[in-house]
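**Student:** Pasted the sequence and its predicted model underneath.
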Amino acid sequence: MEMNKKRAVQMAAGILGICLIGLVGGRMGREREENSVEKDGPAENTVEHSANKPQPDLSGEEQESLDLLFAALEEGNLENGAEILIHREELFAKLFYETLEGEKWLYDGSRFSQEIQGDGMVLTSSAAVFKGSFQNGYPQGNGLALQAFHMEKPRYDYTVGFWEQGKMNGTGETGYCYYKGAPEGETTEVARRGNFKEDRMDGMVRYTTFSRQEGKTSWDIQIRDGKILLDQRWSYDGAAGDYHLSSSQEDGKVYAVKPEEIEEALWVNLLVWGDGEA
């Protein structure tokens, strides 16, 4: 089915948001990810539904795709979930923007609910989904968020951990993966694991990267309110104008950051819950 004009505009906006979230600098060891703008959420979900709104009328293909995605996330298989979202991109666009009318519904594996309460899965766009426990319209408790897209190579962004009133609070991990190989000059996998407060990382964070050329490398970085906190382990390279931190493996690899980047809150949850798209 040919995409109508309204849905095309919505999808274009979603893809633009995706691109801004996941940009990474080409230099190994330096990350320049742009993240979604953080918003202070209300105590309760502001999305309203008609009290008498019937169950969405899904086609056979839509139901099959939804169930495949639910099963993949139930198993915690992010790569499989991403492949389903990407391979069936047009179908999920029709499902979210037309069948679900761009609104959030909780799917528990068999039925939809207008009330986002309990365990299940919620599509927040045609390419993004939350799975876990929900309360008062927001993720609450253990859960995951997944967003998948294909530019040069298929990739997914993810956040896994403990949520409180729609924000990451507690232990968790956020990152991305080019699961069929990264474009030239890009890192294949990036993971940031540690403690979150209101969607911002806080405390000691284990930052891990992987590429076929460089292998796996990790750094332990002190973060405060989403920003790097320099300690005695860092050194300043006057020629390059960078601060350097040696890897945890002491293999000669360094993480480099510009002074101005230290003032930016870049260490945050990549996939935020909001009234719009993730």
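**Tutor:** Alright, I've got the coordinates.
**Student:** wait, what's in contact with Arg212?
**Tutor:** If you count contacts by CB atoms under 8 Å, 6 or more residues apart in numbering, Arg212 has them with Gly181, Thr188. All C-beta atoms are positioned from the backbone trio N, CA, C, and that covers glycine.
**Student:** Tell me the predicted confidence for it.
**Tutor:** Arg212 carries a pLDDT score of 84 in this model.
**Student:** The lengthiest strand in the chain: what's the following helix or strand?
**Tutor:** Scanning the chain for the strand with the most residues, using DSSP state E, yields strand 138-150. Note on strand 138-150: by DSSP states H and E, the next helix or strand toward the C-terminus is strand 154-164.
**Student:** counting contacts, what elements does the longest strand of the chain pack onto?
**Tutor:** Here strand 138-150 touches helix 5-22, helix 78-87, strand 128-135, strand 154-164, going by 3 or more CB pairs under 8 Å, 6 or more residues apart in numbering; DSSP states H and E.
**Student:** Taking helix 78-87 as reference, get the angle to it.
**Tutor:** Comparing the axes of strand 138-150 and helix 78-87 via axes from the mean of the first three to the mean of the last three CA atoms, to 10 degrees yields an angle of 60 degrees.
**Student:** ok, and for strand 138-150, which residues are buried?
**Tutor:** Buried residues in strand 138-150, counting neighbours by 16 or more other CB atoms under 10 Å, are found at Tyr138, Pro139, Gln140, Gly143, Leu144, Ala145, Leu146, Gln147, Ala148, Phe149.
**Student:** Now do the same for that strand: mean pLDDT, whole number.
**Tutor:** The model assigns strand 138-150 a mean pLDDT of 97.
**Student:** what helix or strand does the nearest residue to Arg193 once chain neighbours are set aside sit in?
**Tutor:** Distances taken as CB to CB, 6 or more residues apart in numbering place Glu173 nearest to Arg193, at 4.2 Å, with adjacent residues excluded. Secondary structure assigned from DSSP H and E places Glu173 in strand 167-177.
**Student:** Give me the residues contacting the following helix or strand past that strand.
**Tutor:** Once the chain leaves strand 167-177, the next helix or strand it forms, by DSSP H and E, is strand 189-197. Residues outside strand 189-197 that contact it (CB under 8 Å, 6+ apart): 24, 31, 161-162, 167-178, 201-211, 223, 225, 267, 269.
**Student:** Spell out which helix or strand contains Pro61, please.
**Tutor:** Actually, residue 61 is Glu. It isn't Pro. Assessed by DSSP H and E, Glu61 sits inside helix 60-74.
**Student:** Can you select the buried ones among the contacts of strand 189-197 for me in ChimeraX?
**Tutor:** With 16+ other CB under 10 Å as the burial test, the buried ones among the contacts of strand 189-197 are selected in ChimeraX as follows:
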select :24,31,161,162,167,168,169,172,173,174,175,176,177,178,201,202,205,207,208,209,210,211,223,267,269
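**Student:** hang on, the earlier thing: where among the helices and strands packed on strand 138-150 is average confidence lowest?
**Tutor:** The weakest mean pLDDT among these belongs to helix 5-22, with a mean of 41.
**Student:** Quick check: the gap between Leu266 and Asp225.
**Tutor:** 11 Å (CB to CB, to the nearest Å).
**Student:** Over to Leu144?
**Tutor:** Relative to Asp225, Leu144 is positioned 24 Å away (CB to CB).
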